[in-house]
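> here's a sequence, model it:
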Amino acid sequence: MSEAPSVYDLVQRRLETVFASFDNVYVSFSGGKDSGVLLNLCVDYIRRHGLKRKIGVFHMDYEIQYRETIDYVDRALAADADILEVYRVCVPFKVSTSTSMFQQYWRPWEEDKQDIWVRKMPKGCYTRRDFPFFTDEMWDYDFQIRFAEWLHERKKARRTCCLIGIRTQESFNRWRCIYSSRNLHHFPNERWIRQWKKTEVFNAYPIYDWLTTDVWTANGKFGWTYNRLYDLYYKAGVSLDNQRVASPFIAPAIASLHLYRAIDPDMWGRMIGRVNGANFAALYGRTSAIGWQSVRLPEGLTWEKYMHFLLSTLPERTRRNYLEKLSVSMRFWRDKGGCLSERTILGLQKAGIPILVGEKSGYRTNKRPVRMEYIDDIDLPEFNRLPTFKRICICILKNDHACKYMGFSLNKYEKTHRKKIMKKYESMLHGTEENRIPESGI
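Numbers count the residues shown, from 1 in each chain. Okay, the predicted model is just below:
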């Protein structure tokens, strides 16, 4: 009986499919362990098979990063120069920040703040002047989408493939990205390849089934270079699952922001003067002060009253943003309902919470839809999926402006606004108002 192929064997077959099917291929490279091992796999595949072609490397440089990460990116982009086409992007797009109640975003490489940049712009990078589609309203995730189309047209490609190093072990959303039935037009038997609607641009996830241990086994077995920041994380006692390379000011990174002071004190000294609230977030990011551990209700208040108190301390624009999210959520739970497990439904019924339970949901799930009004708080396993005022208090304390903790994505207004911007870009680039930008991104 033959042995089942290893994840390494499977990725070799997937890369064979990619290089045979796409004339333009590039790797989205962050400097982390997953995108790093994916880049090494691609370089190794091209060399071993003697392919007479190059591969693109797309790196969004966020200005502020650990010195070890910057050094690793410099080395990786300089190596194998004969087969790499490097697109190192230094653009002042909007980047989410959870360090301030007053700002929802900051901008790397902002031109009028050049005197406080944490480092010099790297030589040979691409700036805002290289991208005719860029405007000051663009977020970093919007830029990734537009870059793919820009590169597709620039290369006059028949088909373009962006290789992304995400793994389903990391989160349910990443698992769903692979196993959903959307965008499987040209490669229905290869779930790890996703087509953008009405375009010849694709995303591919060749290492989606790898585990963290597979990544480090490959680096050790083949002697591949990697980001030495992970060694420092290990020495600092950070678990394998929490060792991440990301923009330091987004919500998932706040709890580890304090490590900059120990691991890279020089960068820390520069960054606290660069982004509002960085020092406060580092000091209190692991405490209830900004919602990372148990949040305690002040004596004499309900969570609803506490929410109104917190909102009263915020700037008008920020307060209005949270109230709009709350209004949308209330309507959703009252009119449509959220999908909950039988265990949670039973818990709500035992607690005497008035609910209306449906039989079937329009979503691909075995959970049943439940309609209900907002409640103050309840101790159930699916707490972060239930409509409670405590939940929005946590969002406010975390500076979670997008309310991702509550499961929010872009709202109707934000989607409409984004579509209008995308149409404008399309008109500028193609002389047409047809919107060819897909909803899904890189």
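
> strands of the stretch 101-250 of the chain, start to end?
105-106, 160-164, 193-195, 201-204 (DSSP state E, counting those that start in this stretch).

> domain parsing of this protein, as residue ranges.
Domain ranges of the chain: 7-213, 303-397, per automatic domain parsing.

> tell me the most buried of those?
Comparing these by mean neighbour count (mean count of other C-beta atoms under 10 Å), domain 7-213 comes out on top with a mean of 18. Where you see a C-beta, it was placed from the backbone N, CA and C, and this is true even at glycine.

> and it, how far out from the chain middle?
12 Å (C-alpha atoms, centre = their mean, to the nearest Å).

> start and end of that domain, how far apart?
Domain 7-213 has an end-to-end distance of 11 Å (criterion: C-alpha to C-alpha, to the nearest Å).

> begin at 611, not 1, for the rest of this chat.
OK, 611 is where the count begins now, so the last one is domain 617-823.

> packing partners of whichever helix or strand Asp644 is part of?
According to DSSP states H and E, Asp644 maps onto helix 643-658. Identification of packing neighbours for helix 643-658 by 3 or more C-beta pairs under 8 Å, 6 or more residues apart in numbering; DSSP states H and E yields helix 617-631, strand 634-638, strand 665-670, helix 677-688, strand 770-774, helix 822-832.

> reformat these as CSV; add distance to Gly1017.
Putting the helices and strands packed on helix 643-658 into CSV (distance: least, C-beta to C-beta, whole Å) gives the following:
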stretch, distance to Gly1017
helix 617-631, 31
strand 634-638, 25
strand 665-670, 26
helix 677-688, 30
strand 770-774, 23
helix 822-832, 26
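
> from the centroid of this protein, which residue is nearest?
Taking C-alpha atoms, centre = their mean as the criterion, Tyr751 is the residue nearest the geometric centre of the chain, at 7.9 Å.

> Arg953 contacts Arg978, correct?
No. Contact criterion C-beta atoms under 8 Å: Arg953 and Arg978 do not qualify, at 11.6 Å.

> how far away is the nearest residue to Asn650 once chain neighbours are set aside from Arg786?
Spatial nearest neighbour of Asn650, chain neighbours left out: Trp834 (4.3 Å); criterion: C-beta to C-beta, 6 or more residues apart in numbering. As judged by C-beta to C-beta, to the nearest Å, Trp834 and Arg786 stand 29 Å apart.

> with Gly962 instead?
34 Å.

> same question, Phe757
24 Å.

> now do Gly957
Going from Gly957 to Arg786 by C-beta to C-beta gives 25 Å.

> shaky segments in the stretch 861-1010 of the chain?
Counting by pLDDT under 70, the stretch 861-1010 of the chain has low-confidence residues at 861-872, 874, 877-883, 885-905, 971-975.

> quick one, strands of it?
With DSSP E, counting those that start in this stretch as the criterion, the stretch 861-1010 of the chain has strands spanning 948-950, 966-967, 978-981.

> roughly how far is the longest one from the heart of the chain?
Spelled out, that is strand 978-981. Centroid separation between strand 978-981 and its chain, computed with C-alpha atoms, centre = their mean, is 29 Å.

> which strands border that strand, and is each parallel or antiparallel?
strand 948-950 (antiparallel), strand 966-967 (antiparallel) (DSSP bridges).

> of those strands, give the one that comes closest to Glu810.
strand 948-950 (35.2 Å; C-beta to C-beta).

> can you redo the helices and strands packed on helix 643-658 as a markdown table with distance to Leu924 and mean pLDDT?
Output for the helices and strands packed on helix 643-658, formatted as a markdown table (distance: least, C-beta to C-beta, whole Å; pLDDT from 0 to 100):
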| stretch | distance to Leu924 | mean pLDDT |
| --- | --- | --- |
| helix 617-631 | 47 | 96 |
| strand 634-638 | 35 | 97 |
| strand 665-670 | 30 | 96 |
| helix 677-688 | 33 | 92 |
| strand 770-774 | 36 | 96 |
| helix 822-832 | 38 | 93 |
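
> ok, which of those comes nearest Leu850?
Using C-beta to C-beta, these put helix 822-832 closest to Leu850, at 5.3 Å.

> which helices and strands sit right next to that closest one?
helix 617-631, helix 643-658.

> dump those into TSV; add distance to Gly910 as well.
Formatted as TSV, the helices and strands packed on helix 822-832 follow (distance: least, C-beta to C-beta, whole Å):
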stretch	distance to Gly910
helix 617-631	56
helix 643-658	48
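
> which one of the ones you listed lies closest to Asp690?
Among these, the nearest to Asp690 by C-beta to C-beta is helix 643-658 (5.2 Å).

> quick one, that closest one and helix 822-832 angle?
Here helix 643-658 runs at an angle of 40 degrees relative to helix 822-832 (axes from the mean of the first three to the mean of the last three C-alpha atoms, to 10 degrees).

> quick check: His659 vs Tyr818, distance?
22 Å.

> meant to ask about Asn634, not that
21 Å.

> got it, and Leu990?
32 Å.

> next: Gln853.
The value you get for Gln853 to Tyr818, if C-beta to C-beta is used, is 19 Å.
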